[in-house]
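Trainee: Here's a sequence, model it:
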Amino acid sequence: MDHDPHVRFAAFLEWKGWTQADAADALGCSAAFVSMIFRATKLPGRRVANAIERETSEWPDGPIRATEWDVVELRRRDLAATGTEG
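Mentor: This is a model prediction of the structure:
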């Protein structure tokens, strides 16, 4: 199983049978923001990350912990500091 939370989030939506609009309703954000998370162009803030953790708690491959997104952010910052792309 892939450990990237963006990939896991996409797999969760598929498992749940949710559209991005369904996910937005459940997470309390816009469908556009869900799309950005889905495409890995944005990271969720703490409120949405906590909602993702809550919604994925019953998923057999879950939950996607809110702290998993922190690891992605730290990796991006490290790459930016070294001038490399990730």
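
Trainee: hang on, isn't Ser57 packed against Arg65?
Mentor: No: Ser57 is beyond contact range of Arg65, at 9.9 Å (criterion: CB atoms under 8 Å). For glycine as for every other residue, the C-beta is placed from the backbone atoms N, C-alpha and C.

Trainee: So between these two, which is more surrounded?
Mentor: Using other CB atoms under 10 Å, the more surrounded residue of Ser57 and Arg65 is Arg65, with 16 against 11.

Trainee: ok, that one - contacts?
Mentor: Glu53 (CB atoms under 8 Å, 6 or more residues apart in numbering).

Trainee: now it: how far from Val72?
Mentor: Between Arg65 and Val72 the computed distance is 12 Å (CB to CB, to the nearest Å).

Trainee: One more: Thr56?
Mentor: For Thr56 relative to Val72 (CB to CB), the value is 16 Å.

Trainee: who's more crowded, these two?
Mentor: Thr56 (21 against 15).

Trainee: which regions of the protein lie under the pLDDT threshold?
Mentor: 1, 85-86 (pLDDT under 70).

Trainee: quick check: longest helix of it.
Mentor: As assigned by DSSP state H, the longest helix anywhere in the chain is helix 66-82.

Trainee: and that helix, how far out from the chain's middle?
Mentor: Taking the mean of its C-alpha atoms, helix 66-82 sits 13 Å from the chain's own mean (CA atoms, centre = their mean, to the nearest Å).

Trainee: for stretch 78-86, same thing?
Mentor: 21 Å.

Trainee: quick one: contacts of that stretch?
Mentor: Counting by CB under 8 Å, 6+ apart, Arg75, Arg76 sit against stretch 78-86.

Trainee: Run through the helices of this structure in chain order.
Mentor: Going by DSSP H, the chain shows helices at 5-16, 20-27, 31-38, 46-55, 66-82.
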